[in-house]
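Student: The following comprises the amino acid sequence and a computationally predicted model.
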Amino acid sequence: MRKVGLLLVTLIVIGSACKQKNENVDVQALAKCYYKAAPEGVETRWVSAENPDGLKGKGALTNKGAKGDAYYLIAPGEKKVIFNQQGAGMITKIWSANSALWDPEMRRQVKIEMYWDNANKPAVSVPFSDFFGVGLGLMRKFECELFSSPEGRSHNCFIPMPYRKAAKIEIVNESEKILMFYFKVDFLKVKSHPEDVMYFHTYWHRDMNTKLGEDFEILPNVNGRGRYLGTNIGVIGNPLYQGSWFGEGEVKIFLDGDSEHPTLVGTGTEDYIGSGWGQNEFANDIQGSLVSDKKNDLYAFYRYHTVDPVYFHKNCKVTIQQMGNAHRNRLREMRKNGAELKVLWSYVSKDGMNASKRYLDMENPPKIEEDRFPDGVSTTFYRRDDVSATAYFYLDKPSNELPAIQNKDIRTKDMKEKVFKHTR
């Protein structure tokens, strides 16, 4: 029944798009109406090194019709504009394969930035690999609704990105090496967009040692009307908590004036991405865990709200609790080794099955060393880890008031020793 319902909704949307005859065409819905001709003014274009302006009849000229300029060489410290269009349109796909594949340290030293409607501030500013769906600057073979890397050596993005006046995509090479950059940006030219069409935005942030008892902000408060599209998150576990589980934290989404408490809340980290009782590796359309390295305490996972939209009309903020789980004896060991932690509650069970949850007196919690501390099969506690995330969202304006991306040193610190040493 669910599939039938989704099919009916899809047909209604497609049908309405196919009937539109005015200049304000829903080009994303029209693209799914395979058998219908586009209205006048809707034109398909590709931008690449072979046709950098996406001009009609101007492709494949660099080598008399043969393959000529297949890529750009972007020098250290150089900013290279790869897409620059005037007028209304919509980016439908971005593909790239570049030399950072073979040099993982470059992946967070190179940024992708996007500007809409001649704004001075980029709406998108993210370390290159993190933008394309895999946290921690890693490469993985995967496919989901918004991103893919079919063989783990390329980047594809399928997020629709409309603009009304202009669009610019810039690659910023902050590494000390030349970047060999292959790319193609697919887009549609249109005459105009409906009034309710919004602009695509991102926010990337890393906190190398989250504060005890404070939630990590996936998306700080953003004002305006929009839609939270989802996130990919990377976690580098604090070695002081080795042997414990990092993912008890709940995702909270504050909507339209929420202050102390959110409207939307989940039940745990792996629950948010559709799994349960821990987190192994998988990739689905809207949820996945691409890295689950328990030995080295490395995790990279995603959740996209495409079929379960998260809308906001005034403002939105998204956070995730910094919370783990371990047995009492392991907590004692961690405390002796200098780990900062704050216990929240414990499951108490005699036979391992009939568990009951015991909340502790947070004003006067027992010490882990005391016998009166519940000898539970699992104990939840606040912890501090190295967490980074890319948040994806739409907003009713071409720029936002969020902080600028952190500098290269923060983006790359300890990545070689803690991440790239163990995984590609």
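Tutor: Okay, I see it.

Student: okay, how far is it across stretch 271-280, tip to tip?
Tutor: One end of stretch 271-280 to the other measures 12 Å (C-alpha to C-alpha, to the nearest Å).

Student: Please apply the same query to stretch 119-128.
Tutor: Stretch 119-128: ends 21 Å apart by C-alpha to C-alpha.

Student: secondary structure class for Glu417?
Tutor: Assigned with DSSP: H, G, I helix; E, B strand; the rest coil, Glu417 falls in the helix class.

Student: Report how many residues lie close to it.
Tutor: A count of nearby residues for Glu417, using other C-beta atoms under 10 Å, gives 9. The way it works is simple: take the backbone N, C-alpha and C, and place the C-beta from them, glycine included.

Student: Could you report the separation of it from Pro239?
Tutor: Here the criterion is C-beta to C-beta, to the nearest Å. By it, Glu417 lies 11 Å from Pro239.

Student: cool, and Lys93?
Tutor: For Lys93, the distance to Pro239 - C-beta to C-beta - is 40 Å.

Student: and if you look at Ile405?
Tutor: 27 Å.

Student: who's more crowded, these two?
Tutor: Comparing Ile405 with Pro239 by other C-beta under 10 Å, the one with more neighbours is Ile405, at 21 against 12.

Student: who's in contact with that one?
Tutor: Counting by C-beta atoms under 8 Å, 6 or more residues apart in numbering, Ile405 touches 111, 125-127, 204, 411.

Student: And Phe381, which helix or strand is it part of?
Tutor: According to DSSP states H and E, Phe381 maps onto strand 378-382.

Student: and what of Val291?
Tutor: Val291 is located in strand 287-293, with elements delineated by DSSP H and E.

Student: My understanding was that Asn381 contacts Gln321; is that so?
Tutor: Actually, residue 381 is Phe rather than Asn. No - contact criterion C-beta atoms under 8 Å: Phe381 and Gln321 do not qualify, at 11.1 Å.

Student: Burial check on Ala404, number of neighbours?
Tutor: If you count neighbours by other C-beta under 10 Å, Ala404 ends up with 8.

Student: So what sits opposite the spatially closest residue to Asn232 that is not a sequence neighbour in the bridge?
Tutor: Distances taken as C-beta to C-beta, 6 or more residues apart in numbering put Tyr302 closest to Asn232, at 4.0 Å, once the chain neighbours are dropped. On the basis of DSSP bridges, Tyr302 is bridged to Asn232, Gly288.

Student: I'd assumed Thr231 was in contact with Tyr302.
Tutor: Yes - with contact defined as C-beta under 8 Å, Tyr302 reaches Thr231; the gap is 6.8 Å.

Student: how close does the nearest residue to Ile233 once chain neighbours are set aside sit to Leu101?
Tutor: Once flanking residues are discounted, Ile233 sits nearest to Ala389: 4.5 Å by C-beta to C-beta, 6+ apart. Ala389 sits 22 Å away from Leu101, taking C-beta to C-beta as the criterion.

Student: and the two? which has more neighbours close in?
Tutor: Between Ala389 and Leu101, counted using other C-beta under 10 Å, the more crowded position is Ala389 (23 against 19).

Student: What is whichever helix or strand the more buried one is part of packed up against?
Tutor: Using DSSP H and E, Ala389 sits in strand 386-395. If contacts are counted by 3 or more C-beta pairs under 8 Å, 6 or more residues apart in numbering; DSSP states H and E, strand 386-395 sits against helix 128-131, strand 199-207, strand 216-223, strand 226-236, strand 315-320.

Student: Who does the residue nearest to Ile233 form a beta bridge with?
Tutor: His205, Ile233.

Student: And it, what's its pLDDT?
Tutor: Looking at Ala389, its pLDDT is 98.

Student: Go ahead and confirm it touches Gly230.
Tutor: No - using C-beta under 8 Å, Ala389 makes no contact with Gly230, being 10.4 Å away.

Student: Beta-bridge partners for Cys157, please?
Tutor: Under the criterion DSSP bridges, Cys157 forms beta bridges with Ile94, Phe147.

Student: For it, give me the pLDDT.
Tutor: Note for Cys157: predicted pLDDT of 98.

Student: burial count for it?
Tutor: Neighbour tally, Cys157, other C-beta under 10 Å: 19.

Student: Show me which residues of stretch 89-104 are buried.
Tutor: Under the neighbour-count criterion of 16 or more other C-beta atoms under 10 Å, stretch 89-104 has 89-92, 94-101, 104 buried.

Student: got it, and stretch 287-298?
Tutor: For stretch 287-298, the neighbour count (16+ other C-beta under 10 Å) marks 287-292, 296-298 as buried.

Student: Most widely separated two among those?
Tutor: Put simply, by C-beta to C-beta the two of those set farthest apart are Gln287 and Asn296, 22.9 Å from each other.

Student: would you list the buried residues of stretch 89-104 in JSON lines and tack on pLDDT?
Tutor: Compiled in JSON lines, these are given as follows (pLDDT from 0 to 100):
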{"residue": "Gly89", "pLDDT": "97"}
{"residue": "Met90", "pLDDT": "97"}
{"residue": "Ile91", "pLDDT": "98"}
{"residue": "Thr92", "pLDDT": "97"}
{"residue": "Ile94", "pLDDT": "98"}
{"residue": "Trp95", "pLDDT": "98"}
{"residue": "Ser96", "pLDDT": "97"}
{"residue": "Ala97", "pLDDT": "96"}
{"residue": "Asn98", "pLDDT": "94"}
{"residue": "Ser99", "pLDDT": "93"}
{"residue": "Ala100", "pLDDT": "90"}
{"residue": "Leu101", "pLDDT": "86"}
{"residue": "Pro104", "pLDDT": "91"}
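
Student: List the ones among those residues that fall in strands.
Tutor: Within these, residues falling in strands by DSSP state E are 89-92, 94-98.

Student: Between those residues, which sits nearest Phe312?
Tutor: Phe312 lies nearest to Met90 out of those, by C-beta to C-beta, at 22.2 Å.

Student: How about that closest one: what's its closest non-neighbour residue?
Tutor: Per C-beta to C-beta, 6+ apart, closest to Met90 is Pro162, 4.4 Å.

Student: The helix or strand that contains that neighbour - contacts with which helices or strands?
Tutor: In this structure, Pro162 sits in strand 161-163 according to DSSP H and E. Applying 3+ C-beta pairs under 8 Å, 6+ apart, one finds that strand 161-163 makes contact with strand 89-98, strand 199-207.

Student: what does the longest one contact?
Tutor: Read it as strand 89-98. Contacts of strand 89-98 with the rest of the structure, by C-beta under 8 Å, 6+ apart, involve 27-28, 31, 71, 83, 110, 128, 153-158, 160-163, 167, 169, 179-190, 193.
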